[in-house]
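K.L.:
Just the structure for this:
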Amino acid sequence: MVVDELSDETVDRLFHALADTTRRDILRRCVRGELSVSRLAEAYPMSFAAVQKHVAVLERAGLVTKRRSGREQLVCTDPEAVGRARQALDEVESAWRGRVDRMARLLAEDPGTEENGTEENDTTEGPER
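P.N.:
Below is the predicted model:
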């Protein structure tokens, strides 16, 4: 399966949405099933409007979807979007692992000789007479 690279804008929206504790909690709660925005708001010491704004940030990032059911707006986590967030983190991890591996190879190389051409482990003490 070929995975498309995420645009910088998409990654920025994902990380911005996930940077907030309340939004991460909303995301976790909605993984278990759809919840209305009013039900979500009951769990937080903030206004209903503030919770709506958090949900809107998650929605813009594509992490949740909303649908209207009567008078309520139901929020549900989008599993594909969570996969995109994982993909973004996997890309960052891959880049850093590559850097660490290159540094480890460089450090493991035997320096062998110094710039002047003498062996590093040369134990002679001064000029021979």
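K.L.:
For the rest of this, base every contact and every neighbour count on C-alpha atoms.
P.N.:
Noted.
K.L.:
where do the helices sit along this structure?
P.N.:
8-18, 21-31, 37-41, 48-60, 79-108 (DSSP state H).
K.L.:
Which positions in the shortest one come out as buried?
P.N.:
Of the residues in helix 37-41, those buried by neighbour count under the rule 16 or more other C-alpha atoms under 10 Å are 37, 40, 41.
K.L.:
Considering these, which is situated nearest to residue 23?
P.N.:
The closest of the buried residues of helix 37-41 to residue 23 turns out to be residue 40 (C-alpha to C-alpha; 10.8 Å).
K.L.:
how close does that closest one get to residue 28?
P.N.:
11 Å (C-alpha to C-alpha, to the nearest Å).
K.L.:
Nearest to residue 73, out of the helices of the chain?
P.N.:
helix 37-41 (6.0 Å).
K.L.:
Reformat the buried residues of helix 37-41 as CSV; add pLDDT.
P.N.:
As requested, the buried residues of helix 37-41 are exported to CSV (pLDDT from 0 to 100):
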residue, pLDDT
37, 94
40, 95
41, 94
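K.L.:
Let me know the closest of those to residue 105.
P.N.:
Scanning the buried residues of helix 37-41 for proximity to residue 105, where the rule is C-alpha to C-alpha, the winner is residue 40, at 50.4 Å.
K.L.:
thought the closest one was touching residue 27?
P.N.:
No: Residue 40 is not in contact with residue 27 according to C-alpha atoms under 8 Å; the separation is 10.4 Å.
K.L.:
Name the nearest of the buried residues of helix 37-41 relative to residue 55.
P.N.:
residue 37 (7.9 Å).
K.L.:
the bottom helix or strand of the protein by mean pLDDT?
P.N.:
Least confident helix or strand, the chain: helix 79-108 with a mean of 85, by mean pLDDT, DSSP states H and E.
K.L.:
State the distance from the residue positioned nearest the centre of the chain to residue 82.
P.N.:
The residue lying closest to the centre of the chain (C-alpha atoms, centre = their mean) is residue 89, at 3.8 Å. Distance of residue 89 to residue 82, given as C-alpha to C-alpha: 11 Å.
K.L.:
Show me whatever sits in contact with both of these two.
P.N.:
Overlap of the contact sets of residue 89 and residue 82 (by C-alpha atoms under 8 Å, 6 or more residues apart in numbering) is empty.
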